[in-house]
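Engineer: have a look at this fold, sequence not included:
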């Protein structure tokens, strides 16, 4: 979720499917589910078993700069829990640091 508690959809994704009736219907029918989320600032990472970062351009635009997202991902990582990143979202992990302030990629090949 974004800091506001409302999920943000990549505008280019909406533009790409704006003429697809099924896609737009799917988006409209589920609006309440993605528009009413718990802000990441209120998330306790200890309550979660893993993190899944979705693909697309969105994570590269917002998650990568969101300090609450970085905190959640870092704490999940430090707890030894799995983190999965789809497509573009792998780039987000490059900005995540461990408890020492080092990249979670440090020492990996």
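Structural biologist: It's in. Treat the numbers as computed from the prediction; the structure is a model and nothing was measured. Numbering: from 1, shown residues only.
Engineer: could you pull out the strands for this structure?
Structural biologist: Secondary structure of the chain, counting by DSSP state E: strands at 51-53, 83-85.
Engineer: redo those as a markdown table? Include mean pLDDT and mean neighbour count.
Structural biologist: Glycine gets a C-beta too; all of them are placed from N, C-alpha and C. Supplementary listing: the strands of the chain in a markdown table, determined by pLDDT from 0 to 100; neighbours: other C-beta atoms under 10 Å:
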| stretch | mean pLDDT | mean neighbour count |
| --- | --- | --- |
| strand 51-53 | 94 | 17 |
| strand 83-85 | 95 | 15 |
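Engineer: what's the closest non-adjacent residue to the residue most central in space within the chain?
Structural biologist: In the chain, the residue lying closest to the centroid (C-alpha atoms, centre = their mean) is residue 53, at 4.5 Å. Closest residue to residue 53 apart from its sequence neighbours, by C-beta to C-beta, 6 or more residues apart in numbering: residue 89 at 3.6 Å.
Engineer: hang on, the earlier thing: show me what contacts the residue nearest to the centre of the chain?
Structural biologist: Taking C-beta atoms under 8 Å, 6 or more residues apart in numbering as the contact definition, residue 53 lies against 59, 63, 73, 83, 84, 85, 86, 89, 90, 92, 93.
Engineer: redo that, cut-off 10 Å
Structural biologist: With contact taken as C-beta atoms under 10 Å, 6 or more residues apart in numbering, residue 53 is in contact with 59, 63-64, 69, 73, 83-93.
Engineer: rewinding a little: now tabulate the strands of the chain in CSV and tack on distance to residue 42.
Structural biologist: What follows is these, written out as CSV (distance: least, C-beta to C-beta, whole Å):
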stretch, distance to residue 42
strand 51-53, 16
strand 83-85, 20
